[in-house]
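Engineer: sequence plus the predicted model coming up.
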Amino acid sequence: MIEDLFPVQSVRPSSWRTQSHYAVFYAAQFVLLGVQLPFLSGWLDGKGFTAPAIGLITGAALGARLAFGPAVAFWADRLVNPATALRAVSLLFAIGAMGLALSPGKALIAVSAVAVLWSFGLL
């Protein structure tokens, strides 16, 4: 009965090359956010955001992670290739990072910051 709810999928072992690509991928993301995150609130302040607005941005990312994280995990479990979910969340992370770097307006900066913080929490 429990097997019907949670079917076991056979997973083929990945090659050393694939594992090394994922290792580089994760290292790059952690270095990027590890360097960026301590300065994000100061950067947002420099862009004209108030302290309550900065708190709202970081809180919105945490709330989104709490609300949508389980849905993304459920979706990833149902995929034939779970790496697709990793790629989708990573793409959102990259788009958010580009939005932070290139956006001229406060609204796009706020949305990009929430996207970066939310997607990084899922990785």
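Structural biologist: Structure received. Numbering: from 1, shown residues only.

Engineer: for this protein, longest helix please?
Structural biologist: helix 16-46 (DSSP state H).

Engineer: now that one: how far from the chain's centre is it?
Structural biologist: 10 Å (Cα atoms, centre = their mean, to the nearest Å).

Engineer: mind listing what's buried along it?
Structural biologist: 29, 33, 40-41, 44 (16 or more other Cβ atoms under 10 Å). C-beta: built from backbone N, CA, C; applies to glycine.

Engineer: mind giving me the packing neighbours of the helix or strand harbouring residue 118?
Structural biologist: Taking DSSP states H and E as the definition, residue 118 sits inside helix 106-122. Helix 106-122 is packed against helix 16-46, helix 51-78, helix 83-102, with contacts defined by 3 or more Cβ pairs under 8 Å, 6 or more residues apart in numbering; DSSP states H and E.

Engineer: got the angle between the first one and helix 106-122?
Structural biologist: Relative orientation of helix 16-46 versus helix 106-122 (axes from the mean of the first three to the mean of the last three Cα atoms, to 10 degrees): 140 degrees.

Engineer: about what we covered before: mind telling me which of the helices and strands packed on helix 106-122 the model trusts least?
Structural biologist: Lowest mean pLDDT within these: helix 16-46, at a mean of 82.

Engineer: who does that one touch, helix- and strand-wise?
Structural biologist: Partner elements for helix 16-46 (3+ Cβ pairs under 8 Å, 6+ apart): helix 51-78, helix 83-102, helix 106-122.

Engineer: one more time with 7 Å
Structural biologist: helix 51-78, helix 106-122 (3 or more Cβ pairs under 7 Å, 6 or more residues apart in numbering; DSSP states H and E).

Engineer: which of those sits most buried?
Structural biologist: helix 106-122 (a mean of 20; mean count of other Cβ atoms under 10 Å).

Engineer: with just CA atoms, put that one into CSV.
Structural biologist: What follows is helix 106-122 as a C-alpha-only set of coordinates in CSV (Å, rounded to 0.1, in the frame of the first residue of the first chain):
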residue,chain,number,x,y,z
LYS,A,106,12.8,49.9,-7.2
ALA,A,107,10.0,47.5,-8.1
LEU,A,108,12.1,45.3,-10.3
ILE,A,109,15.0,45.4,-7.8
ALA,A,110,12.5,44.2,-5.1
VAL,A,111,11.1,41.4,-7.3
SER,A,112,14.6,40.4,-8.3
ALA,A,113,15.8,40.3,-4.7
VAL,A,114,12.9,38.1,-3.6
ALA,A,115,13.5,35.8,-6.6
VAL,A,116,17.2,35.5,-5.7
LEU,A,117,16.7,34.9,-2.0
TRP,A,118,13.8,32.5,-2.6
SER,A,119,15.4,30.4,-5.3
PHE,A,120,18.7,30.2,-3.4
GLY,A,121,16.8,28.8,-0.4
LEU,A,122,15.5,26.0,-2.5
